[in-house]
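**Student:** Okay, predicted coordinates and the sequence, questions at the end:
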Amino acid sequence: MTTVSSIRTRFSIRFIRALKRISTKGNELSSNTIMITRRKQQMIKRAAYVSMASAVGPRRAWVRALKWKLKPSRTRFISRPAWLMSRRRRRRMMKRIGSVGGGEREKKVACRSEEEEVLRRLVPGGEGMDIYKLLGETAHYIKCLSTQVEVMTTITDHLYNI
């Protein structure tokens with residue numbers, strides 16, 4: 001099991017490397033327009049997610065879902081794993097399969113609470129998890145997000161105190 005400090009260290013190293021790459025790309029752009037600023041914001045956000053996902057490793061479902069979502073060369077002809085499919089697509093697939101547990105699954109989906117649905121939308125890949133796995137993944141995801149915020153806060157504090 002990895003500790004928070006090791007995740008923090010790995011994330012910090014990867015994120016700072018990504019920021020350096022972004023800053024060198026930014027130097028190539030001469031004008032300071034709103035489009036370039038938004039593009040840099042998107043690049044920083046993507047760098048933070050990719051750095052965190054690679055720091056945690058592929059054992060967590062939310063990491064695999066996040067990497068799938070951020071994969072640049074994704075095509076729509078590649079079939080997604082069932083736990084990454086949209087709810088509507090999963091239901092269509094279950095209808096095609098027929099009576100192989102489709103009815104029970106639909107009943108389980110109908111019994112979900114609003115809070116559970118909110119968690120499923122917040123955690124990457126949460127749509128296809130059972131409630132126990134969802135809670136565990138949510139706890140780990142929140143821990144990683146708080147680590148991400150701490151590291152980013154430390155970086156900005158350091159930059160503005162120089």
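**Tutor:** All right, it came through fine.

**Student:** show me the contacts for R17.
**Tutor:** The contact partners of R17, by Cβ atoms under 8 Å, 6 or more residues apart in numbering, come to none. Where you see a C-beta, it was placed from the backbone N, CA and C, and this is true even at glycine.

**Student:** And the pLDDT for it?
**Tutor:** pLDDT recorded at R17 is 92.

**Student:** any idea how far it lies from A48?
**Tutor:** For R17, the distance to A48 (Cβ to Cβ, to the nearest Å) stands at 12 Å.

**Student:** and what of I34?
**Tutor:** With distances taken as Cβ to Cβ, I34 is found 21 Å from A48.

**Student:** what about the two, which has more around it?
**Tutor:** The neighbour comparison of I34 against A48 (other Cβ atoms under 10 Å) goes to A48, with 20 against 7.

**Student:** By mean pLDDT, which helix or strand of this protein comes out lowest?
**Tutor:** helix 102-110 (a mean of 51; mean pLDDT, DSSP states H and E).

**Student:** who touches the next helix or strand after it?
**Tutor:** Going down the chain from helix 102-110, the next helix or strand is helix 114-122, by DSSP states H and E. Here helix 114-122 makes contact (Cβ under 8 Å, 6+ apart) with 112, 126-127, 129, 131, 134-135, 138, 141.
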